[in-house]
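>>> Sequence unavailable; structure follows:
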């Protein structure tokens, strides 16, 4: 099934004791893998040096579908306690940006199109476990949370999120940014909470 149509989309980060590379596996509701997200490993060493010297870092991950084709490229820039994440097509065309909102009490993001227009928001709860995604009119279009469907022990780990759509499709680029948010939320918040040690 097409990665962009799966509902709910389950995003799981494999358990690792120590790694500088980001990796996720995406599944449909029946446990079939529909995408693999992996970091461009060529930038791991330079990113560590850059963060150590400047306090900021950049990383790039590729989203490949079940056939190994790149469907999205996600570039994250981390600086001053917040992250700006650019979502690109495989040919480099911009889809939009997901900017982290600075807050000590809640996890939030703003969805921005390639022309710098605000087209939606992501609002998280205090524990960063339940996220409401809304369009520019504050109408809820999706949720990302950890209430995983009953698929057995495969999805029982705490590092698995589910993106639930309210509608089969949304206008672009909102639709693609909503799908990407299922990955970006953990990509940003897990790095923030771990001091970048696992990426």
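It's in. Computed from a predicted structure; not experimentally measured.
>>> can you give me the mean pLDDT across the lengthiest helix in the chain?
Longest helix of the chain, by residue count under DSSP state H: helix 174-194. Averaged over helix 174-194, pLDDT sits at 83.
>>> What are the buried residues along that helix?
174-192 (16 or more other CB atoms under 10 Å). From N, CA and C alone the C-beta is placed, and that goes for glycine too.
>>> Repeat that for stretch 113-130.
113, 119, 120, 121, 122, 123, 124, 128, 130.
>>> For my notes, please list those in CSV and give pLDDT and secondary structure for each entry.
Formatted as CSV, these follow (pLDDT from 0 to 100; DSSP: H, G, I helix; E, B strand; the rest coil):
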residue, pLDDT, secondary structure
113, 97, coil
119, 98, strand
120, 97, strand
121, 97, strand
122, 96, strand
123, 94, strand
124, 91, strand
128, 77, coil
130, 91, strand
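>>> quick one: which of the residues you listed is nearest to residue 100?
Looking at the buried residues of stretch 113-130 and their distance to residue 100, the nearest is residue 122, at 9.2 Å (CB to CB).
>>> Excluding chain neighbours, what is closest to that closest one?
For residue 122, ignoring the flanking residues on the chain, the nearest one in space by CB to CB, 6 or more residues apart in numbering is residue 109 at 4.0 Å.
>>> since we're on the one you found, how many residues are nearby?
Neighbours of residue 109 under the rule other CB atoms under 10 Å: 27.
>>> Which secondary structure state does it sit in?
Using DSSP: H, G, I helix; E, B strand; the rest coil, the structure places residue 109 in strand.
>>> Identify the residues contacting it.
98, 99, 100, 101, 121, 122, 181, 184, 185, 188 (CB atoms under 8 Å, 6 or more residues apart in numbering).
>>> Closest to residue 79 out of the residues you listed?
Distance to residue 79, by CB to CB, is smallest for residue 100 among these, at 10.5 Å.
>>> would you say the closest one is within a helix?
No. The assignment for residue 100 (three-state DSSP) gives strand, which keeps it out of a helix.
>>> which residues of the protein score low on pLDDT?
Residues of the chain meeting the criterion pLDDT under 70: 15-20, 41-57, 80-81, 103-105, 147-158, 191-199.
>>> Just the helices from this structure, written as ranges.
44-54, 174-194.
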